[in-house]
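Can you look at this prediction? I've put the sequence above it.
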4 protein chains.
Amino acid sequence: MPAPAMSADEIAKLLHEVFPQAFYPGCGLTLERVEYADIRVRRHFHEDYLRPGGTISGPTMMELADFAMYVAVFSAIGPQPLAVTTNLTINFLRKPAQADLIADAKLLKVGKRLAVGEVAIYSAGSDEPVAHVTATYSIPAQR
Amino acid sequence: MPAPAMSADEIAKLLHEVFPQAFYPGCGLTLERVEYADIRVRRHFHEDYLRPGGTISGPTMMELADFAMYVAVFSAIGPQPLAVTTNLTINFLRKPAQADLIADAKLLKVGKRLAVGEVAIYSAGSDEPVAHVTATYSIPAQR
Amino acid sequence: MPAPAMSADEIAKLLHEVFPQAFYPGCGLTLERVEYADIRVRRHFHEDYLRPGGTISGPTMMELADFAMYVAVFSAIGPQPLAVTTNLTINFLRKPAQADLIADAKLLKVGKRLAVGEVAIYSAGSDEPVAHVTATYSIPAQR
Amino acid sequence: MPAPAMSADEIAKLLHEVFPQAFYPGCGLTLERVEYADIRVRRHFHEDYLRPGGTISGPTMMELADFAMYVAVFSAIGPQPLAVTTNLTINFLRKPAQADLIADAKLLKVGKRLAVGEVAIYSAGSDEPVAHVTATYSIPAQR
């Protein structure tokens, strides 16, 4: 397995520079582990994410999965902030607990044009996934 | 075509009651049209939605699509706030303008257990979609 | 709307040359309409497609949708037989009749690298879709 | 982990009874491993599956994934031949070899109404997936 193209600290610094609306001190997102094409991020619980029935909203999980894929792409191909999602499929599996969300993202393919990965999302402390995502990122040609 | 199960005003009132974190005066979401299984909602532009490259973030569009589907489900089966998304697939098609987003949602199937629909998202003033979504909602058994 | 890049006859001839295992006299597939990025194909009924419960099998519909997208790509960008599907999402909506299947494919985006489209599949004689598909084709760089 | 609800032999016998068009001696499908919600099937290579460029056709892989999910559902909930796919998303990752295809299916959720799983497809002898699938099966209410 190759070394990651960027460390967790390097990715956090890049995200803070290029995406300050989403990633800033106190935003509730933490990079917990960065290996090559294989990363973990955490979304700290906030009751704003709740929806009817006491469950965490679907968009909160979609946003987390998209963020996790973005980090996974950086871990494999380095600083490419203009990489963009071309598609994403999410399956909601269980009602999440009112707890932090953990997202484990792995890339299944790292191509010249496209990176494809999957993300499993868990409630912290549980090992049954609450959602599963597959997504494709398009990598800019000017690499 | 049957009449909608709820009017736009009835749906707005329900959303405000059951989902006050997401739907409140000034939240930037407007119900523009509600027919049976066929609705339009608008997300007013805010620069918080931007991401690197000056484009509106993917999660902003996913959240809008999920919201539009939720409204479409209400238009067809009435007040079922515990209806939940079971899966959602989004294809990102074009870079959105820095403008309002319009989402047109239509249900392709309204079953006893599942409702399936598609959503086309446009930048206001353009007729080329910026994203396309298909999604399934699970309808609670206690109808 | 531009003219199609290839006519129905030209596409049929190309398919017969490059894909003789799938497209040959008597194969049961007919190109019914070819406009720019907007086509219709028909799969003639055969009882081999049935599965338990008397319904047409899912893979029969997936294959038809993929074929319809392939034809739609040709209608927009011309003879590119090495265009390949990168992903496909199908929602099964209703039990198909024991009848021909009609697939209407439209491209939502025709880019330099990727073409994205949707396909609605109907049982002949019905106007309620039995399945809905979105798919992405990757277009070879050597265009 | 519970024991599988049916053994490989029991599933093969059921498939042969209920789905003789697809599963018969010489059909090229083999059940290689059946555990609870976790199974492996093999599709023996046949040149009929080839498409332009010497690659195995997408529909061949979609059919295999759907079949693998069907077997996984039986492994978890027993003989339910009327379980039907409600949606399926496939990502094509690499060009398959002209070799047998191996499909590993695991269920991510086994609910009362829905079972959700993922399938990784490999060319025999390789450990890089050629395709990845997520799919949902609807389970008949009359269980």
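Thanks, I have the structure now.

Just to be sure, residue A:71 is in a helix?
Yes - using DSSP: H, G, I helix; E, B strand; the rest coil, the assignment for residue A:71 is a helix.

who touches the lowest-mean-pLDDT helix or strand in chain A?
Here the helix or strand of chain A ranked lowest by mean pLDDT, DSSP states H and E is strand A:50-51, holding a mean of 74. Contact partners of strand A:50-51, identified using Cβ atoms under 8 Å, 6 or more residues apart in numbering or on different chains, comprise A:56, A:57, A:58, A:98, B:19, B:21, B:22. (Each C-beta comes from the backbone N, C-alpha and C, glycine too.)

Which residues are in contact with the third one?
Going back to what we said before, that points to residue A:58. A:51, A:90, A:92, B:66, B:84, B:85, B:88.

For my notes, confirm residue A:126 occurs in a strand.
No - judged by three-state DSSP, residue A:126 forms no part of a strand; its state is coil.

Tell me how far it lies from chain C.
28 Å (Cβ to the nearest Cβ, to the nearest Å).

Could I get the full set of strands for chain A?
A:29-35, A:38-43, A:50-51, A:55-56, A:84-92, A:101-110, A:114-123, A:131-138 (DSSP state E).

buried stuff in the last one?
Just to be clear, that refers to strand A:131-138. Buried residues in strand A:131-138, counting neighbours by 16 or more other Cβ atoms under 10 Å in any protein chain shown, are found at A:131, A:132, A:133, A:134, A:135, A:136, A:137, A:138.

still on that earlier bit, so which of the contacts of strand A:50-51 wins on neighbours?
residue A:56 (26 neighbours; other Cβ atoms under 10 Å in any protein chain shown).

Let me know the pLDDT of it.
We have a pLDDT of 90 for residue A:56.

who does it bridge with?
residue A:50 (DSSP bridges).

In this model residue A:47 seems to touch it, though I could be wrong.
No - taking contacts as Cβ atoms under 8 Å, residue A:56 lies outside contact range of residue A:47: 9.7 Å.

re earlier: please render the strands of chain A as JSON lines that adds distance to residue A:62 to the earlier fields.
Listed next are the strands of chain A as JSON lines, based on distance: least, Cβ to Cβ, whole Å:
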{"stretch": "strand A:29-35", "distance to residue A:62": "14"}
{"stretch": "strand A:38-43", "distance to residue A:62": "11"}
{"stretch": "strand A:50-51", "distance to residue A:62": "13"}
{"stretch": "strand A:55-56", "distance to residue A:62": "11"}
{"stretch": "strand A:84-92", "distance to residue A:62": "6"}
{"stretch": "strand A:101-110", "distance to residue A:62": "11"}
{"stretch": "strand A:114-123", "distance to residue A:62": "10"}
{"stretch": "strand A:131-138", "distance to residue A:62": "8"}
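
Flag whichever of those has the least confidence on average.
strand A:50-51 (a mean of 74).

closest one to residue C:75 among the strands of chain A?
Closest approach to residue C:75 among the strands of chain A is made by strand A:84-92 (21.7 Å; Cβ to Cβ).

how about residue A:40, what does it touch?
Shown in contact with residue A:40 (Cβ under 8 Å, 6+ apart): A:31, A:32, A:33, A:68, A:102, A:103, A:104, A:105.

can you check residue A:93 too?
Residue A:93 makes contacts with A:128, A:129, A:130, A:131, A:132, D:108, D:109, D:116, as judged by Cβ under 8 Å, 6+ apart.

Please identify which of the residues you listed is nearest to chain B.
Distance to chain B across the contacts of residue A:93 (Cβ to the nearest Cβ) is lowest for residue D:116, with 8.1 Å.

Number of residues surrounding the closest one?
23.

That one reaches residue A:89, doesn't it?
No - the criterion here is Cβ under 8 Å, and residue D:116 misses it with residue A:89 at 11.5 Å.

Quick check: neighbours shared by these two?
residue D:134.

Tell me the residues of chain A that contact chain D?
Applying Cβ under 8 Å from any Cβ of the partner chain, one finds that chain A approaches chain D through A:89, A:91, A:93, A:94, A:108, A:109, A:116, A:118, A:129, A:132, A:134, A:136.

If the second one is in a bridge, with which residues?
Meaning residue A:91. Counting by DSSP bridges, the residues bridging with residue A:91 are residue A:132, residue B:87.

show me the contacts for it.
Applying Cβ under 8 Å, 6+ apart, the residues contacting residue A:91 are A:131, A:132, A:133, B:86, B:87, D:108, D:116, D:134, D:136.

Could I get the pLDDT score of residue A:53?
For residue A:53, pLDDT reads 77.

Let me see the contact set for residue A:32.
A:8, A:40, A:41, A:42, A:102.

Against chain D, how distant is it?
22 Å.

same check, this time on residue A:126
13 Å.

so that residue sits right up against residue A:95, yeah?
No - with contact defined as Cβ under 8 Å, residue A:126 does not reach residue A:95; the gap is 11.1 Å.

Could you report the separation of the residue most central in space within chain A from residue A:50?
In chain A, the C-alpha nearest the mean C-alpha coordinate belongs to residue A:68, at 1.0 Å (Cα atoms, centre = their mean). In this view, residue A:68 and residue A:50 are 21 Å apart by Cβ to Cβ, to the nearest Å.

if I pick residue A:134, what's in contact with it?
Applying Cβ under 8 Å, 6+ apart, the residues near residue A:134 are A:88, A:89, A:108, A:116, A:117, A:118, A:119, D:89, D:91, D:132, D:134.

one more time with 10 Å, if that's ok
A:65, A:69, A:87-91, A:108, A:116-119, B:89, C:87, C:89, D:89-91, D:118, D:132-134 (Cβ atoms under 10 Å, 6 or more residues apart in numbering or on different chains).

List only buried entries from those residues.
For the contacts of residue A:134, buried by 16+ other Cβ under 10 Å: A:65, A:69, A:87-91, A:108, A:116-119, B:89, C:87, C:89, D:89-91, D:118, D:132-134.

circling back to that earlier point, just the closest of the contacts of residue A:32 to residue A:78, please.
residue A:8 (13.8 Å).

thought that closest one was touching residue A:75?
Yes - in this structure residue A:8 lies within contact range of residue A:75 using Cβ atoms under 10 Å: 8.8 Å.

anything in contact with each of those two?
A:31, A:33, A:34, A:35, A:39.

filter the residues you listed to the buried ones?
The neighbour count (16+ other Cβ under 10 Å) marks A:31, A:34, A:35, A:39 as buried among the shared contacts of residue A:8 and residue A:75.

what's the most distant pair in those residues?
Maximum distance among these (Cβ to Cβ): 11.5 Å, for A:31 and A:35.

any common contacting residues for those two?
By Cβ under 10 Å, 6+ apart, the residues touching both residue A:31 and residue A:35 are A:8, A:75.

circling back to that earlier point, quick check, nearest of the contacts of strand A:50-51 to chain C?
Among the contacts of strand A:50-51, and counting by Cβ to the nearest Cβ, the member closest to chain C is residue A:58, at 16.8 Å.

any idea how far that closest one is from residue D:114?
From residue A:58 across to residue D:114, the span is 16 Å (Cβ to Cβ).

With residue A:73 instead?
Here the criterion is Cβ to Cβ. By it, residue A:73 lies 31 Å from residue D:114.
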